[in-house]
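Engineer: structure, please.
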Amino acid sequence: MKRAYVQATAWHVPEGELTNDDLARELGDWTAEKIFDKTGIRTRHIAAPDECASDLGVAAAEKLFALDGCNREDVDYLIFCTQSPDYFMPSSSCVIQDRLGLRKNIAAVDVGQGCSGWVYGLSLAKSLVEAEVAQRVLLITADTHSKVVGPRDRSVRTIFGDGAAATLIGGTGHDAQQELVGPFLFGTDGSACKTILIPAGGYRQPMTDAARIAREDKGGNWRSDANMYMDGPEVFNFTLNVVPRTVQQLLEKSGMTLEQVDYFIFHQANRFILDRLRAKIGIAPERFCIDMDWCGNTSSSTIPIAFNRAVESGTIRSGMNVMAVAFGVGLSWAAAMIRVP
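Structural biologist: Numbers count the residues shown, from 1 in each chain. Next up, the predicted model:
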């Protein structure tokens with residue numbers, strides 16, 4: 001049967017930067033080194049006021065199309081994963097189809113997923129290719145969370161950056177017994193949906209002047225209902241509980257041992273969480289990716305950005321087995337095995 005595979009990846013971050021020195025000057029009571037110690041991040045890339053997630057996604061896709069063998073004419077399905085859409089309607093994927101000059105006889109759809117979005121999108125792309133609904137799927141992830149972070153909310157402003165990634169998923173031209181993408185595992189706990197959220201702006205709580213008024217919480221962070229809220233301790237506990245179990249379950253589903261996985265790329269949430277997960281699961285440091293000090297947490301794009309950079313550096317090579325594990329807003333989680341062709 002035809003097997004889906006990751007043909008190529010590319011990424012893009014905006015030119016604007018927010019360094020720890022900048023934050024220390026603005027926030028006042030945290031030094032640059034204290035921010036790094038807590039997050040493992042030194043710099044975040046920040047979109048310009050008129051720069052949207054679709055702009056970042058288009059830039060990432062154009063870099064992808066500049067690679068050998070990646071032709072926009074071959075794309076017959078576009079998936080855009082974001083929680084920072086240009087509009088409520090139309091779907092941002094329709095906007096991107098036109099801006100990229102993709103064919104008109106293709107499908108274009110938005111997926112409103114966050115931190116686990118790339119793995120979710122990859123599973124959709126695999127299904128489309130292997131069911132022969134599509135020959136080439138372009139998966140774009142992009143978010144501009146800086147636009148909804150409270151300027152005096154150090155609990156999230158020190159963590160999140162803006163960025164995008166483009167992934168081209170194709171199919172093998174011959175029968176292949178071995179999966180090149182998959183198997184997958186997924187999880188959802190909507191009972192904890194308010195652990196990470198933006199309260200106002202949708203139809204459940206429309207945006208009003210009152211919703212834009214910032215208030216101070218007990219931790220000294222200022223935010224309004226129009227800003228992102230994250231319960232850091234609850235997210236940390238959720239991650240330590242769910243991720244190790246998910247890794248073990250995916251190993252069992254794959255028929256593999258921990259030692260047979262060549263490289264692990266987890267959602268680059270922050271260094272503290274990643275260090276704890278690596279130690280708890282028992283993964284050697286040289287087989288575990290931490291690559292976020294230069295860009296921060298870019299939500300759905302952290303895994304594909306890290307994957308691409310690891311390929312470029314030679315850390316990930318042909319024939320390697322890579323495990324991708326994502327977790328966060330929803331609450332949702334997802335994991336996938338990827339064999340590099």
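Engineer: so, low pLDDT: which residues of this protein?
Structural biologist: Counting by pLDDT under 70, the chain shows low-confidence ranges at 174-176.
Engineer: now do the helices in it.
Structural biologist: Secondary structure of the chain by DSSP state H: the helices cover 20-27, 32-39, 53-65, 92-99, 117-130, 154-157, 232-254, 271-281, 302-313.
Engineer: save these as CSV, and put in mean neighbour count too.
Structural biologist: In short, each C-beta sits where N, CA and C put it, glycine included. Below are the helices of the chain laid out as CSV (neighbours: other C-beta atoms under 10 Å):
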stretch, mean neighbour count
helix 20-27, 16
helix 32-39, 16
helix 53-65, 24
helix 92-99, 19
helix 117-130, 24
helix 154-157, 22
helix 232-254, 16
helix 271-281, 17
helix 302-313, 22
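Engineer: got the buried residues for stretch 147-156?
Structural biologist: 147, 148, 149, 150, 152, 153, 154, 155, 156 (16 or more other C-beta atoms under 10 Å).
Engineer: now it: how far from the chain's centre is it?
Structural biologist: Computed by C-alpha atoms, centre = their mean, to the nearest Å, the chain-centroid distance of stretch 147-156 equals 19 Å.
Engineer: show me the domain layout of the chain.
Structural biologist: 4-171, 181-339 (automatic domain parsing).
Engineer: let me see the contact set for the closest residue to residue 143 other than its chain neighbours.
Structural biologist: The shortest distance from residue 143 to any non-neighbouring residue, by C-beta to C-beta, 6 or more residues apart in numbering, is to residue 299 (4.3 Å). Neighbouring residues of residue 299 by C-beta atoms under 8 Å, 6 or more residues apart in numbering: 83, 114, 115, 117, 141, 143, 145, 160, 328, 329.
Engineer: what's the closest of the residues you listed to residue 64?
Structural biologist: Set against residue 64, the nearest of the contacts of residue 299 by C-beta to C-beta is residue 141 (12.2 Å).
Engineer: then stretch 209-222 to CSV, C-alphas only?
Structural biologist: Presented in CSV, the C-alpha positions along stretch 209-222 are these (Å, rounded to 0.1, in the frame of the first residue of the first chain):
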residue,chain,number,x,y,z
ASP,A,209,-14.7,47.4,27.0
ALA,A,210,-14.9,45.8,30.5
ALA,A,211,-13.3,42.6,29.1
ARG,A,212,-10.2,44.7,28.2
ILE,A,213,-9.6,46.0,31.7
ALA,A,214,-6.5,44.4,33.2
ARG,A,215,-6.6,43.1,36.8
GLU,A,216,-3.8,41.9,39.1
ASP,A,217,-3.8,38.3,40.2
LYS,A,218,-2.3,37.0,43.5
GLY,A,219,1.0,36.3,41.7
GLY,A,220,1.4,39.9,40.7
ASN,A,221,0.5,39.3,37.0
TRP,A,222,-1.8,41.7,35.2
